[in-house]
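K.L.:
Provide a 3D model corresponding to the input given below.
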Amino acid sequence: MVEKVYNMTNSNDRTVEMLITDENVHYLHMIFNKEEGLPEHFSNSTVYMTVLKGTLSIGLDEQEVHEYKQGSVLKIPFKTKMNVGNKHDEILELIVVKAPAPVK
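P.N.:
Numbers count the residues shown, from 1 in each chain. Predicted coordinates:
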């Protein structure tokens with residue numbers, strides 16, 4: 001078998017899973033219920049964020065919180081302060097790609 005297969009969790013519970021972490025890319029799958037999200041942090045690579053379900057509420061650097069609906073794809077620069085969360089009743093599901101892969 002040439003390909004390697006990764007499976008995402010199918011759930012309605014809070015989920016943050018690192019599906020692929022190699023020297024090329026970090027590929028994450030996240031699910032957040034209302035009032036859930038990530039701790040405020042700085043991006044450690046260029047981040048590409050795709051909203052699969054729900055509405056993403058995100059504050060970047062010192063901007064006001066912006067909201068992005070299903071189908072939105074964001075490109076967030078390296079070293080950007082991020083405050084990611086779900087402020088809505090509907091489940092938020094995201095794919096996050098960090099490219100190039102962060103180095104420690």
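K.L.:
Strands along the chain, start to end?
P.N.:
15-21, 26-32, 41-42, 47-53, 55-60, 66-69, 73-76, 81-85, 92-98 (DSSP state E).
K.L.:
could you dump those to JSON lines with distance to Val5?
P.N.:
Bear in mind the C-beta positions are built from the backbone N, C-alpha and C, glycine included. Output for those, formatted as JSON lines (distance: least, Cβ to Cβ, whole Å):
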{"stretch": "strand 15-21", "distance to Val5": "10"}
{"stretch": "strand 26-32", "distance to Val5": "13"}
{"stretch": "strand 41-42", "distance to Val5": "30"}
{"stretch": "strand 47-53", "distance to Val5": "19"}
{"stretch": "strand 55-60", "distance to Val5": "27"}
{"stretch": "strand 66-69", "distance to Val5": "29"}
{"stretch": "strand 73-76", "distance to Val5": "24"}
{"stretch": "strand 81-85", "distance to Val5": "27"}
{"stretch": "strand 92-98", "distance to Val5": "16"}
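K.L.:
Format those as CSV; extra columns: mean neighbour count and mean pLDDT.
P.N.:
Formatted as CSV, those follow (neighbours: other Cβ atoms under 10 Å; pLDDT from 0 to 100):
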stretch, mean neighbour count, mean pLDDT
strand 15-21, 14, 97
strand 26-32, 21, 98
strand 41-42, 10, 97
strand 47-53, 18, 98
strand 55-60, 19, 98
strand 66-69, 14, 98
strand 73-76, 14, 98
strand 81-85, 18, 98
strand 92-98, 21, 98
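K.L.:
so what's the closest residue to Val51 other than its chain neighbours up against?
P.N.:
Distances taken as Cβ to Cβ, 6 or more residues apart in numbering place Ser72 nearest to Val51, at 4.7 Å, with adjacent residues excluded. By Cβ atoms under 8 Å, 6 or more residues apart in numbering, the contact list for Ser72 reads Thr50, Val51, Leu56.
K.L.:
Same check on Phe32?
P.N.:
Contacts of Phe32 by Cβ under 8 Å, 6+ apart are Arg14, Gly85, Asn86, Ile91, Leu92, Leu94.
K.L.:
nearest to Ser43, of the residues you listed?
P.N.:
Leu94 (14.0 Å; Cβ to Cβ).
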